[in-house]
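Visitor: give me the fold of what follows.
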Amino acid sequence: MFLGTHTPRLDDKGRLILPAKFRDKLAGGLVVTRGQERCLYVFPMDEFVRVADDLRAAPVTSKAVRDYLRVFLSGASDEIPDKQGRVTIPPALRQYAGLDRECTVIGAGSRVEVWDTAAWNAYLESTEQAFADQAEEVIPGLL
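Guide: Modelled structure (predicted):
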């Protein structure tokens, strides 16, 4: 499971140094693709295959499903981290997420998310209070 918040930087070649605690799970290969709220999702290869299989089970007769699949899969890039734990983020994905230099990498359970640090801070500012004030179950039976 991926947990925590980390603040690596992109280098001049668009490479991101993966947090040390994530490297073992991602060493065999990963897929980086567009995520919601203009972040990037990074999946270990086996998890991406599972997600893609689940997506393929959705009805392609639904325009929303087709649109989601097209955007999600067309942006996907399979990568293998180098010996220093760096992974190249393709230019189109860097542009999508607004990544320049300062990045925030968060563990999101079965995936990693990569955010532009300013965008992550704005997201947190807009959602943390609602999280703290939540008085009803968001996911029934969870807490």
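Visitor: which helix in this protein runs the most residues?
Guide: Of all the segments assigned as helix in the chain under DSSP state H, the longest by residue count is helix 117-133.
Visitor: the strands in this protein, which residues?
Guide: Read by DSSP state E, the chain holds these strands, from start to end of the chain: 5-6, 15-17, 30-34, 40-44, 77-79, 86-88, 103-107, 112-116.
Visitor: quick one: strands adjacent to the fourth one?
Guide: Strand 40-44 has its sheet partners listed here by DSSP bridges as strand 30-34 (antiparallel), strand 112-116 (antiparallel).
Visitor: try the shortest one
Guide: Strands that pair with strand 5-6, judged by DSSP bridges, come out as strand 103-107 (antiparallel).
Visitor: just to revisit the earlier point, hey, C-alpha coordinates of the longest helix of the chain in CSV?
Guide: Output in CSV follows, covering the C-alpha atoms of helix 117-133 (Å, rounded to 0.1, in the frame of the first residue of the first chain):
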residue,chain,number,x,y,z
THR,A,117,3.0,21.3,-5.5
ALA,A,118,1.0,24.5,-5.8
ALA,A,119,-2.0,22.6,-7.2
TRP,A,120,-1.7,20.0,-4.3
ASN,A,121,-1.6,22.8,-1.7
ALA,A,122,-4.7,24.5,-3.3
TYR,A,123,-6.5,21.2,-3.4
LEU,A,124,-5.7,20.5,0.3
GLU,A,125,-6.8,24.0,1.3
SER,A,126,-10.1,23.6,-0.5
THR,A,127,-10.9,20.1,0.9
GLU,A,128,-9.2,19.7,4.3
GLN,A,129,-11.9,21.6,6.3
ALA,A,130,-14.7,19.6,4.7
PHE,A,131,-12.8,16.4,5.6
ALA,A,132,-12.3,17.6,9.2
ASP,A,133,-16.0,18.6,9.5
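Visitor: cool, thanks, talk later.
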